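[1] Below are the sequence and a predicted model; questions follow.
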Amino acid sequence: MTGASSGKLSRRSLLGLVSAITVAPQLRAQPPNRMRPQAGDELVFDDGPSLGEVVRPNLIELHARPVAALARDPASGVLRDGSRLNRVMLTRIDPEELAPRFQANAAGGIVAYSAVCTHTGCDVFNWDEEQLRMACPCHESQFDIYDGGRVVGGPAPRPLAMLPLEIAGGAVRVAGPFRGRVGFQQAF
Ligand code: FES
């Protein structure tokens, strides 16, 4: 009896293993809308008066309050809205004043930073227009838009990730994957 039970369990385990191996590649494939922004994606406004429109350089003024945007695959039309980690905040800076090591990430003066605070993950939607800093409403972390999202106040442990941009076909597009880690680490 015991031996028969063991045999059944073993066969079941084996079947489970085979099944896991068979479905593993599908589990690993991420739906396109959850994938991080990809090189060549166009950016689309995710709030503000131009909601849903493709981001064009002339729609963002110098030192404008950062506006949210999402990436969209121009071929399939898939909007990458399946993860809040995909959201970025856009503004325009003076390219001459941007720290040199981040200049390759800007396009026509436009920069994109992750919208997710590196402290505990709130949306970084506040804006200090005098000091030109993005700010988090939860615990008042502040980030320098001229220095790669460097933390200049509050408890955030690291800079905001920066999304490299390019301008192609008159639109602002993604030039490559995020520089820096997106998201946050919870201590609880
Ligand atoms: S979540 Fe942004 S400062 Fe705490």
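    Thanks, I have it.

[2] Where do the helices of this protein begin and end?
    For the chain, the helices defined by DSSP state H cover 2-28.

[3] can I see the domain layout of it?
    1-30, 42-174 (automatic domain parsing).

[4] got these as JSON lines, with mean pLDDT columns?
    Output for the domains of the chain, formatted as JSON lines (pLDDT from 0 to 100):
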{"stretch": "domain 1-30", "mean pLDDT": "51"}
{"stretch": "domain 42-174", "mean pLDDT": "97"}
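
[5] Which among these is found nearest to the ligand?
    Counting by CB to the nearest ligand atom, the ligand lies closest to domain 42-174 out of those; the figure is 3.2 Å. C-beta coordinates here come from the backbone N, C-alpha and C atoms, glycine included.

[6] How about that closest one and the ligand, touching?
    Yes. Looking at domain 42-174 against the ligand by CB under 6 Å from any ligand atom, the contacts come from 117, 119-122, 136, 138-139, 141, 154-156.

[7] Nearest residue to the middle of the chain?
    Among the residues of the chain, the one closest to the centroid is Asn86, at 3.4 Å (CA atoms, centre = their mean).

[8] Quick one: the strands in this protein, in order.
    With strands called from DSSP state E, the chain shows them at 42-45, 67-72, 88-92, 110-114, 126-128, 133-135, 142-144, 150-153, 165-168, 171-174.

[9] hang on, the earlier thing: show me what contacts the residue nearest to the residue nearest to the centre of the chain when sequence neighbours are not counted?
    Leaving aside its sequence neighbours, Asn86 sits nearest to Arg80 (CB to CB, 6 or more residues apart in numbering; 4.7 Å). Going by CB atoms under 8 Å, 6 or more residues apart in numbering, Arg80 touches 32-38, 41, 70-73, 86.
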